[in-house]
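Colleague: could you work out the structure for the sequence below:
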Amino acid sequence: MEPATGTRPPRAGVLRTLGWWAADYAYAAYWQLRGAVSRTDPGDFHSGDGTPIVVVPGIWESWRFLQPLITRMHELGHPVHVVRLLNFNNRPVIDAARRVDAYLGESGLDDVVIVAHSKGGLIGKYVMVHGDSAPRIRCMLAVATPFGGSLYARFMLLPSLRIFSPKNAVILALALERRANERIVSVYGQFDPHIPGGSRLDGAKNVELDTGGHFRVLAHPRVLAELALVSR
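Modeller: Numbering: from 1, shown residues only. Prediction:
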């Protein structure tokens, strides 16, 4: 896959950036609450004749946080799977990747597209590079993933957040593993309040959206458009 081409959109002004920031956290709060009361069974999304999808959420996100995107992908004919053992995805990247790897093997899925948000993209790439089930994965669509880490991580008190340091051993090791990058589509906003350095990944198809945010970019129509391209 070749990097996206075209003229880079102009940098947003301060007021526009603040607006994106406010809308982003409003989106996150709303869907976290909706997810907390949802009783949907993830098995309801397993039907479909399209390319199978395995969803990997970000840190402190259950699969239910991504339920709006999961529902749309399923409506388009994709069987969509979640890894319930990830819970709220607060385990180290390698530990979480082993759970995703095991699920892929146990489910018997093949030619899978991983759709990941934030930390989920690091987990997905780790499986693509090191997992026993790596041959089962066609590609990954990663939304707002800190492939290069986040400079804010050093200010975090919780170890589960400090792992996003650009100097973290896993992030540095994954950066050196470039053979999977050509099978990754990295989608991200012009501004991300959690990843100041952005989500551009060398060798991948990089898609910068015409908006900003870390969470509400999940609802951008370009995400489904890119999914349509990689799942043909």
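
Colleague: contact partners of the helix ranked longest in the chain?
Modeller: Longest helix in the chain by number of residues, with DSSP state H as the criterion: helix 14-37. Helix 14-37 has contacts (Cβ atoms under 8 Å, 6 or more residues apart in numbering) with 12, 61-62, 64-65, 67-68, 189, 191, 193, 211-216, 219. (Each C-beta comes from the backbone N, C-alpha and C, glycine too.)

Colleague: in helices, which of these fall?
Modeller: Residues of the contacts of helix 14-37 located in helices (DSSP H): 67-68.

Colleague: just the buried ones among the contacts of helix 14-37, please.
Modeller: 12, 61-62, 64-65, 67, 189, 191, 193, 211-216 (16 or more other Cβ atoms under 10 Å).

Colleague: just give me the least confident of these.
Modeller: Going through those one by one, the lowest pLDDT turns up at residue 12, 45.

Colleague: return the set of buried residues in the host helix or strand of residue 225.
Modeller: Using DSSP states H and E, residue 225 sits within helix 221-230. By 16+ other Cβ under 10 Å, the buried positions in helix 221-230 come out as 223-224, 226-227, 230.

Colleague: can you tell me the closest non-neighbouring residue to residue 129?
Modeller: residue 177 (4.6 Å; Cβ to Cβ, 6 or more residues apart in numbering).

Colleague: before we move on, what about residue 128?
Modeller: Residue 128 sits nearest to residue 180 (Cβ to Cβ, 6+ apart), 4.3 Å away.

Colleague: pretty sure the one you found sits against residue 131.
Modeller: No. Contact criterion Cβ atoms under 8 Å: residue 180 and residue 131 do not qualify, at 10.5 Å.

Colleague: the strands in the chain, which residues?
Modeller: For the chain, the strands defined by DSSP state E cover 53-56, 80-82, 112-117, 137-143, 184-188, 205-208.

Colleague: for the fifth one, which strands pair with it and how are they oriented?
Modeller: Meaning strand 184-188. Pairing partners of strand 184-188, with direction, according to DSSP bridges: strand 137-143 (parallel), strand 205-208 (parallel).

Colleague: run the angle between the longest one and strand 112-117 for me.
Modeller: Same thing as strand 137-143. Relative orientation of strand 137-143 versus strand 112-117 (axes from the mean of the first three to the mean of the last three Cα atoms, to 10 degrees): 20 degrees.

Colleague: number of nearby residues for residue 106?
Modeller: 9 (other Cβ atoms under 10 Å).

Colleague: so what pLDDT did it get?
Modeller: 96.

Colleague: how close does it get to residue 85?
Modeller: Residue 106 sits 11 Å away from residue 85, going by Cβ to Cβ, to the nearest Å.

Colleague: what of residue 112?
Modeller: Residue 112 is 17 Å from residue 85, by Cβ to Cβ.

Colleague: higher neighbour count, the two?
Modeller: residue 112 (21 against 12).

Colleague: show me what the more buried one bridges to in the sheet.
Modeller: Under the criterion used (DSSP bridges), residue 112 bridges to residue 137.

Colleague: give me every residue that touches it.
Modeller: Counted by Cβ under 8 Å, 6+ apart, residue 112 has contacts 51-54, 104, 136-138.

Colleague: what about 10 Å?
Modeller: 51-54, 79, 81, 104, 127, 133, 136-140 (Cβ atoms under 10 Å, 6 or more residues apart in numbering).
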